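[1] Next comes the sequence, and after it the predicted model I'd like to discuss.
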Amino acid sequence: MDLPEALAGLDRGAPWRIHFHVPVHRDEVGGFATTRETIAPVLAAALAANGAPPHLEVETYTWSVLPAAERAEGDAALVDGIARELAWTLEQLAALGVHPR
């Protein structure tokens, strides 16, 4: 909610680290790069650890906080976007040899 105010006073000469929930399959949102490329290595490390398989959660509530021009309009578009996000996540797991039931 405070991102517009923060951007208004942005010091372009200093790095920023922002925690902002966005759909996991997006590589960029509103001109900002996401951490999508780090998801597969983190999943691989979690799967390689001893113990029970990790719990995986895809937070689909993030669609409402996207920049207005990038938000899904209407229920059908929202469902399609969430389906694409979940499909991308399943593809990442399948590439690591995990096939959820």
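    Great, that's in hand.

[2] what is the mean pLDDT for stretch 6-18?
    Per-residue pLDDT over stretch 6-18 has a mean of 75.

[3] Just the endpoints, please. Distance across it?
    Using Cα to Cα, to the nearest Å, the end-to-end distance of stretch 6-18 comes out at 11 Å.

[4] Give me the pLDDT value at the residue most central in space within the chain.
    By Cα atoms, centre = their mean, the chain has its centre lying nearest to residue 24, at 2.2 Å. Residue 24 is assigned a pLDDT of 85 by the prediction.

[5] and it, what does it touch?
    36, 39, 58, 85, 88, 89 (Cβ atoms under 8 Å, 6 or more residues apart in numbering). All C-beta atoms are positioned from the backbone trio N, CA, C, and that covers glycine.

[6] Got a quick ChimeraX command for the buried subset of the residues you listed?
    This is how ChimeraX selects the buried members of those, with burial counted by 16 or more other Cβ atoms under 10 Å:
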select :36,85,88,89
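
[7] follow-up on the earlier one: distance of the residue nearest to the centre of the chain relative to residue 36?
    Separation of residue 24 from residue 36 (Cβ to Cβ, to the nearest Å): 6 Å.

[8] can you check residue 58 too?
    For residue 58, the distance to residue 36 - Cβ to Cβ - is 12 Å.

[9] Please enumerate the helices of the protein.
    Along the chain, counting by DSSP state H, helices occupy 3-8, 39-48, 75-95.

[10] can I get those helices in TSV with distance to residue 62?
    Formatted as TSV, the helices of the chain follow (distance: least, Cβ to Cβ, whole Å):
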stretch	distance to residue 62
helix 3-8	13
helix 39-48	14
helix 75-95	9
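
[11] lowest-confidence stretch among those?
    helix 3-8 (a mean of 77).

[12] Neighbours of residue 81, how many?
    For residue 81, the neighbour count with other Cβ atoms under 10 Å is 20.

[13] Could you do residue 86 as well?
    Around residue 86 there are 15 residues (other Cβ under 10 Å).

[14] and it, what does it touch?
    58, 60.
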